[in-house]
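Visitor: A predicted structure for the sequence below; I have some questions about it.
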Amino acid sequence: RADHLGCYGYPRDTTPTLDRLAREGALFLQAVSLGGYTPPAFPAIMASAFPPVRVEDYRDPLRGETPLAVVLQEAGYQTAAFGSNVYLSSHFGYNRGFEVYQDYDERLAGGASRRLDKWLTTLARPIIKRNNRLYRLSLDLYYSMGSLKRHPPYMTAGETNRQPLAWLKKAPQKFFLWVHYMDTHPPFMPPKAYSGRFLPVATRTMSVRDQVKLSNKWMRNTDAMSSEEMELFLSLYDANIRYVDDAVRDLLDYLRQAGRDRDTVLIVAADHGKQLGDRHRPWRGYTLYEYVIRVPLIVYYPPRLGSAVVRQLVSTLDIAPTLVDIMGVPLPESFRGKSLLPVMGGQNVREGPVVCMAFDAISGERSFAYRTETWKLIAQDDGKRELYNLASDPEEAVNLWDAERDTGKALEGKIQEYERLREEERRDLL
């Protein structure tokens, strides 16, 4: 999440590499993701596309869209992607346009997590849909795998880096590389060299088993965590952020040593934040509060782009159009976002509002947010409404739905119109 990076004001030394990129590149202070967690967030990032409004459509979230990798491949770029997020596998179509697509490594915990996650999200869903306790027990098993293997249920940053570093040695002049790190997802199990930097002195020998147990407790109910436990949890999170930051540094070091750093555009972004003891509902990607949808975004390309701090509202829909614009490649008609080059150059281009979506992993119940620079409405399928004035209440502490009903109703109408348009587009694809 953005507020745990130094360039966004965090006091701990979590991101020296990203902080340097932010100083020398463009830092976006109000970048908003279109999803509360990975499935609804990534269509915007990889295809400048709106997320599907029906949960059943996430089996093929890029249907009818033109992914960024396809655009760049057709423009003559060699393409490759490396990561281990189960929701970004070739099963969901994210491999389209990539000549090399490494989404799992069966030698690591990722192989087991793939099978378990498939069970949780598809095969077992009808059984556990109405049994929240069984769902929690299933997730406990998922997290406990790390304790059994002494390894997270995904590839670590160091392991993830091996493939792109090897691929870069053979990459041509024109390449597009996507590296996706998972270490900021629980269970937080940082290498000892990193946990020792951030954990309180008395707990620097914290065992892997205790780290997993802490993640399990966070998953079940953050309100049950003591202040000491939450401090440990945050410290492990910060340690993993620093681990990822060092992995980015290693990639940049290779590019510099190979003489490729001055002709490579680097974009750093996240698809969602994290609930870390904040108020509101804590789990299953259902929240659309600022600590989840406000994400870090840095665009770095010193030969052409100067340093800038952009305070205007932008969204992850704009990432792919910006990269295409920098590369001088024609913008596909399917892209819904716009290039950020004008705002990076100081132009006061007014962005439209951002509509975000999340859904409950088991019930399928959805939540939408309509976000402007000042107002934000969160509307859930169950009828719950929350209206916040972000200018006066950035922490979203006071729900103004009753006090500002006219404003809320107007924004509610915008969400309904957005959903209607997405449904019309869906019918055109059937």
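Guide: Yes, it's here.
Visitor: now the strands for the chain?
Guide: Under the criterion DSSP state E, strands of the chain are mapped to 26-32, 78-82, 100-102, 175-179, 266-269, 297-300, 308-315, 354-359, 366-371, 375-380, 385-389.
Visitor: Neighbours of residue 164, how many?
Guide: Residues lying near residue 164 (other CB atoms under 10 Å) number 23. (C-beta placed from N, C-alpha, C; glycine too.)
Visitor: low pLDDT regions in the protein?
Guide: 104-149, 202, 279-286, 350-351, 361 (pLDDT under 70).
Visitor: Would you reformat the strands of the chain as JSON lines and include distance to residue 428?
Guide: Output for those, formatted as JSON lines (distance: least, CB to CB, whole Å):
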{"stretch": "strand 26-32", "distance to residue 428": "27"}
{"stretch": "strand 78-82", "distance to residue 428": "28"}
{"stretch": "strand 100-102", "distance to residue 428": "28"}
{"stretch": "strand 175-179", "distance to residue 428": "29"}
{"stretch": "strand 266-269", "distance to residue 428": "29"}
{"stretch": "strand 297-300", "distance to residue 428": "31"}
{"stretch": "strand 308-315", "distance to residue 428": "23"}
{"stretch": "strand 354-359", "distance to residue 428": "19"}
{"stretch": "strand 366-371", "distance to residue 428": "21"}
{"stretch": "strand 375-380", "distance to residue 428": "25"}
{"stretch": "strand 385-389", "distance to residue 428": "30"}
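Visitor: In TSV, list those along with mean neighbour count and distance to residue 412.
Guide: Shown next, in TSV, are those (neighbours: other CB atoms under 10 Å; distance: least, CB to CB, whole Å):
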stretch	mean neighbour count	distance to residue 412
strand 26-32	23	19
strand 78-82	22	38
strand 100-102	17	40
strand 175-179	19	36
strand 266-269	18	29
strand 297-300	24	28
strand 308-315	18	20
strand 354-359	25	12
strand 366-371	24	8
strand 375-380	23	6
strand 385-389	20	7
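Visitor: how about those, which one is nearest residue 338?
Guide: In terms of CB to CB, the element of the strands of the chain nearest to residue 338 is strand 308-315, at 8.9 Å.
Visitor: Now do that closest one: which elements does it pack against?
Guide: strand 26-32, helix 341-344 (3 or more CB pairs under 8 Å, 6 or more residues apart in numbering; DSSP states H and E).
Visitor: Residues contacting the last one, please?
Guide: Yep, that's helix 341-344 we're talking about. 26, 299, 305, 308, 310, 312, 314, 322, 325, 326, 349, 351 (CB atoms under 8 Å, 6 or more residues apart in numbering).
Visitor: Stretch 9-18 too?
Guide: 3-7, 198, 238, 241-242, 245-246, 248-249, 252, 268, 296, 298.
Visitor: For residue 258, give me its contacts.
Guide: Residue 258 neighbours (CB under 8 Å, 6+ apart): 168, 169.
Visitor: Quick check: the gap between it and residue 50.
Guide: 38 Å (CB to CB, to the nearest Å).
Visitor: got it, and residue 156?
Guide: 32 Å.
Visitor: do the same with residue 425
Guide: 8 Å.
Visitor: Could you check which of those two is surrounded by more residues?
Guide: Legend: neighbour count by other CB under 10 Å for residue 425 and residue 50, higher for residue 50 (20 against 13).
Visitor: what are the phi and psi values for that one?
Guide: Phi and psi for residue 50, reported as degrees, to the nearest 10, are phi -70, psi 150.
Visitor: you'd agree it is up against residue 41?
Guide: No: look at residue 50 against residue 41 with CB atoms under 8 Å: they stay out of range, at 11.3 Å.
Visitor: any common contacting residues for these two?
Guide: With CB under 8 Å, 6+ apart as the test, residue 50 and residue 41 both reach residue 34.
Visitor: for the helices and strands packed on strand 308-315, which one sits closest to residue 335?
Guide: Nearest to residue 335, of all these, is helix 341-344, at 14.1 Å by CB to CB.
Visitor: roughly how far is the closest one from the heart of the chain?
Guide: 23 Å (CA atoms, centre = their mean, to the nearest Å).
Visitor: That one: which residues count as buried?
Guide: By neighbour count on 16 or more other CB atoms under 10 Å, the buried set for helix 341-344 is 341, 343, 344.
Visitor: Just the C-alpha atoms of it, please, in PDB.
Guide: The C-alpha coordinates for helix 341-344 follow below in PDB (Å, rounded to 0.1, in the frame of the first residue of the first chain):
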ATOM      1  CA  LEU A 341       2.300  12.200 -20.400                       C
ATOM      2  CA  PRO A 342       0.400  15.500 -20.400                       C
ATOM      3  CA  VAL A 343      -0.100  15.600 -16.600                       C
ATOM      4  CA  MET A 344       3.500  14.600 -16.200                       C
END
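Visitor: Tell me how far the nearest residue to residue 299 once chain neighbours are set aside lies from residue 51.
Guide: Nearest residue to residue 299, sequence neighbours excluded (CB to CB, 6 or more residues apart in numbering): residue 26, at 4.5 Å. Computed as CB to CB, the residue 26 to residue 51 distance reads 25 Å.
Visitor: same deal with residue 421?
Guide: Residue 421 is 13 Å from residue 51, by CB to CB.
Visitor: between those two, which one's more packed in?
Guide: Between residue 421 and residue 51, counted using other CB under 10 Å, the more crowded position is residue 51 (23 against 12).
Visitor: and the more buried one, what does it touch?
Guide: Counting by CB under 8 Å, 6+ apart, residue 51 touches 34, 35, 39, 40, 41, 43, 44, 61, 357.
Visitor: and what of residue 32?
Guide: 293, 294, 295, 313, 314, 315, 316, 354, 356, 371.
Visitor: partners of the last one in the sheet?
Guide: On DSSP bridges, the residues paired with residue 371 through beta bridges are residue 354, residue 376.
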